[in-house]
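J.: any chance you can model this:
(one chain, ligands or ions: 2)
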Amino acid sequence: MYKIAVIPGDGTGPEVVAEGLKVLKAASERFNFKYRLEHHDLGGERYLKTKETLPDSVLGELKQMDAIYLGAIGHPDVKPGILEQGILLELRFQLDQYINLRPVKLYRGVETPLKDKGPDEIDFVVVRENTEGAYVGAGGFLRKGTPDEVAIQEAIHTRKGVERCVRFAFEYCRKRDRKKKVTLCGKTNVLTYAFDLWERAFHEVAREYQGITADYAHVDATCMWMVKNPEWFDVIVTDNMFGDIITDLGAMIQGGMGIAAGGNINPKGVSMFEPIGGSAPKYTGQGVVSPLAAIAACQMMLEHLGEQKASIGIEEAIMKVVGRDVKSLNAGKMGYSTSQVGDLVVKYVQGR
Ligand code: IPM
Ligand code: MN
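T.: Numbering: from 1, shown residues only. Ligands and ions are numbered 1, 2, ... in the order given. Just a heads-up that it's a prediction; the model follows:
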């Protein structure tokens, strides 16, 4: 019996999570596993009412779960940063979800903006460090509000944090068993402390993985290659900020925010799965956004929980929907509503 916490969150989060839960139910019936859901109302509405972001009591409950299924965090009436740092980053840090795993995979039938590239060329995974770097909130102001103001935002890279991330990337590459290549994405020519540490850890760990090529690309060049030659990549490992940036680019080449999902992973703890697109306030409540990213997040969650067959079943259903049914993944252009797309995935999961 899996205990799964559900945090629908803000904006379109609840409507896409509802579709993911329909698919979860269908998968559990077809593939014979049991689960129990525990809903949490974390997000902008709760914050506006109570000024709470992530109360200790909720964090304590989340720590008891087998996984967390998250919709989106971000509310137009709340100052940017409060919910993102107070809920999303706080969950990642508190639960030590030190990997943000973001597959970039183009399914047949999905449009990519890259000319002459298809599913054979666009199929790699980004392993983003998820608990350190510039996202830890270290820094401060001096002389705030004066013409002499100084703002400092420190990026923290620890040997331990970097090494465990790099090791995860090599392990994942071995398991994935594709091109057998891990590319470190950094900026060794400018960030000569941080990426010196990354580079040393990377090459030391690489030595333990005979048969896997250890490759390096600067972050700016990585962006270029992701557009020009995405087929060069297999597993990319990188720090928190670079990973944040290149995975939005990755989402675009795999067909957009309507399909891109990720997992915040603590291999020995509680992991959290989410569509990476955000709360999309302007589409909220209209039933026009694609639920496939949230459904793909559910699929990743089941894979993580060890429900291999269910995960494959859901992925195949997603592939059918994008191959046969939806016209586009863009909001309002699918040819179906959010819940109709969810129903199609359910139908295929059920083998109908
Ligand atoms: C993401 C998001 C978050 C991040 C924001 C909302 C804090 O952009 O998951 O990529 O930067 O990690
Ligand atoms: Mn992001």
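J.: can the helix or strand containing A26 be found next to ligand 1?
T.: Applying DSSP states H and E as the criterion places A26 in helix 13-31. No: Helix 13-31 lies apart from ligand 1 when judged by CB under 6 Å from any ligand atom; the minimum separation is 12.0 Å. (Glycine included, C-beta is placed from N, CA and C.)
J.: okay, that helix in CSV with CA atoms only?
T.: Only the C-alpha atoms of helix 13-31 are listed here, as CSV (Å, rounded to 0.1, in the frame of the first residue of the first chain):
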residue,chain,number,x,y,z
GLY,A,13,-2.1,22.5,-10.8
PRO,A,14,-5.4,21.1,-9.4
GLU,A,15,-6.9,20.5,-12.9
VAL,A,16,-3.9,18.6,-14.2
VAL,A,17,-3.3,16.7,-11.0
ALA,A,18,-6.9,15.5,-11.2
GLU,A,19,-6.2,13.9,-14.5
GLY,A,20,-3.0,12.3,-13.2
LEU,A,21,-5.0,10.8,-10.3
LYS,A,22,-7.5,9.4,-12.8
VAL,A,23,-4.7,7.7,-14.6
LEU,A,24,-3.1,6.5,-11.3
LYS,A,25,-6.4,4.8,-10.4
ALA,A,26,-6.7,3.2,-13.8
ALA,A,27,-3.1,2.0,-13.6
SER,A,28,-3.6,0.5,-10.1
GLU,A,29,-6.6,-1.5,-11.3
ARG,A,30,-4.9,-2.7,-14.4
PHE,A,31,-1.5,-3.4,-12.8
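J.: the helix or strand that it is followed by: which residues count as buried?
T.: Note on helix 13-31: by DSSP H and E, the next helix or strand toward the C-terminus is strand 35-39. By 16 or more other CB atoms under 10 Å, the buried positions in strand 35-39 come out as Y35.
J.: ok so, going back, the helix holding A26 vs strand 35-39, what angle?
T.: Angle of helix 13-31 versus strand 35-39, following axes from the mean of the first three to the mean of the last three CA atoms, to 10 degrees, is 170 degrees.
J.: tell me which residues of helix 13-31 come out buried.
T.: 13-24, 26-28, 30-31.
J.: mean confidence score for that helix?
T.: For helix 13-31, mean pLDDT is 98.
J.: also stretch 333-352?
T.: Computed over stretch 333-352, the average pLDDT equals 97.
J.: can you give me the end-to-end distance of it?
T.: 25 Å (CA to CA, to the nearest Å).
J.: just use 92 as the starting number from now, easier for me
T.: Right, with 92 as the first residue, what we last looked at is stretch 424-443.
J.: what are the boundaries of the helices in this structure?
T.: 104-122, 135-141, 147-153, 173-174, 181-185, 250-267, 285-297, 310-319, 331-344, 383-396, 399-411, 429-440 (DSSP state H).
J.: just give me how far the second one sits from the chain centre.
T.: Using CA atoms, centre = their mean, to the nearest Å, the mean C-alpha position of helix 135-141 is found 25 Å from that of the whole chain.
J.: so which elements touch it?
T.: Packing contacts for helix 135-141, counted by 3 or more CB pairs under 8 Å, 6 or more residues apart in numbering; DSSP states H and E, involve helix 173-174.
J.: please name every helix or strand in contact with the helix it packs on.
T.: helix 135-141.
J.: could you give me the buried positions within the helix it packs on?
T.: By neighbour count with 16+ other CB under 10 Å, helix 135-141 contains the buried residues G135, R137, Y138.
J.: test my guess that the last one contacts K170.
T.: No: taking contacts as CB atoms under 8 Å, Y138 lies outside contact range of K170: 10.3 Å.
J.: now the nearest residue to S119 once chain neighbours are set aside: how far from D157?
T.: The shortest distance from S119 to any non-neighbouring residue, by CB to CB, 6 or more residues apart in numbering, is to Y126 (6.1 Å). Counting by CB to CB, to the nearest Å, the gap from Y126 to D157 is 8 Å.
J.: shared neighbours of these two, which are they?
T.: Y93, K94, I95 (CB atoms under 8 Å, 6 or more residues apart in numbering).
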